[in-house]
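Undergrad: got a sequence here, can you build the structure:
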Amino acid sequence: MNSFAADLWGRAVDALCIAGHDLAMSPDAAASRAYYAAFYAVSAYFALQDKTFSRHSAVEAAVHRDLVRPGIWTEAMGKGFSRLGQLRNRGDYGGNRHVSGADAKESIRIASEILQTVAGTNSELFTGLDKF
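TA: Reported below is the predicted structural model:
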């Protein structure tokens, strides 16, 4: 695996772990970390294909164009990725609107599913999920 993809995957695993720890203290922070876990995991997947993106919206577009549309991911998984982005925006920039505990828990579940799916594409390279 190239070192860039390896670094992104490590960040994904760390972010998912932190999201779980943040849940009780701050649903906003947990949702943000869950989003970043999925974002880094998807970015690592694409990095192995020599695809990199400079904007979050470009990663989301690639998820739908390159994973959902050709049937690699289900439509529900693509919607889940988009939902993570919405919750992250609410938690980070929502002003007086916050992520609920239930929504934060949902974001961790979605992110975990995305990491498991990405890990399944190359289980020898995408490791470290055994700590969850």
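Undergrad: contacting residues for the residue nearest to residue 64 when sequence neighbours are not counted?
TA: Counting by C-beta to C-beta, 6 or more residues apart in numbering, the nearest residue to residue 64 once its immediate chain neighbours are dropped is residue 78, at 5.2 Å. C-beta here means a position set from N, CA and C on the backbone, and glycine is covered the same way. In this structure, residue 78 makes contact with 63-64, 67-68, judged by C-beta atoms under 8 Å, 6 or more residues apart in numbering.
Undergrad: what helix or strand is residue 78 on?
TA: Taking DSSP states H and E as the definition, one finds residue 78 inside helix 75-93.
Undergrad: could you do residue 38 as well?
TA: Residue 38 belongs to helix 27-47, assigned by DSSP H and E.
Undergrad: check which helices and strands that helix sits against.
TA: Helices and strands touching helix 27-47, by 3 or more C-beta pairs under 8 Å, 6 or more residues apart in numbering; DSSP states H and E, are helix 3-22, helix 56-62, helix 75-93, helix 101-121.
Undergrad: what helices or strands is the first one leaning on?
TA: Applying 3+ C-beta pairs under 8 Å, 6+ apart, we find helix 3-22 packed against helix 27-47, helix 101-121.
Undergrad: and the last one, what's buried?
TA: Neighbour-count burial for helix 101-121, with 16 or more other C-beta atoms under 10 Å as criterion, is recorded at 103-108, 110-112, 114-115, 117-119.
Undergrad: equivalent analysis for stretch 4-23, please.
TA: Within stretch 4-23, the residues scored as buried using 16+ other C-beta under 10 Å are 5, 8-9, 11-13, 15-20, 22-23.
Undergrad: from the centroid of this protein, which residue is nearest?
TA: With distances taken as C-alpha atoms, centre = their mean, residue 38 lies nearest the centre of the chain, 0.8 Å away.
Undergrad: quick one: contacts for it?
TA: Contact criterion C-beta under 8 Å, 6+ apart gives 12, 81, 84, 110-111, 114-115 as the residues in contact with residue 38.
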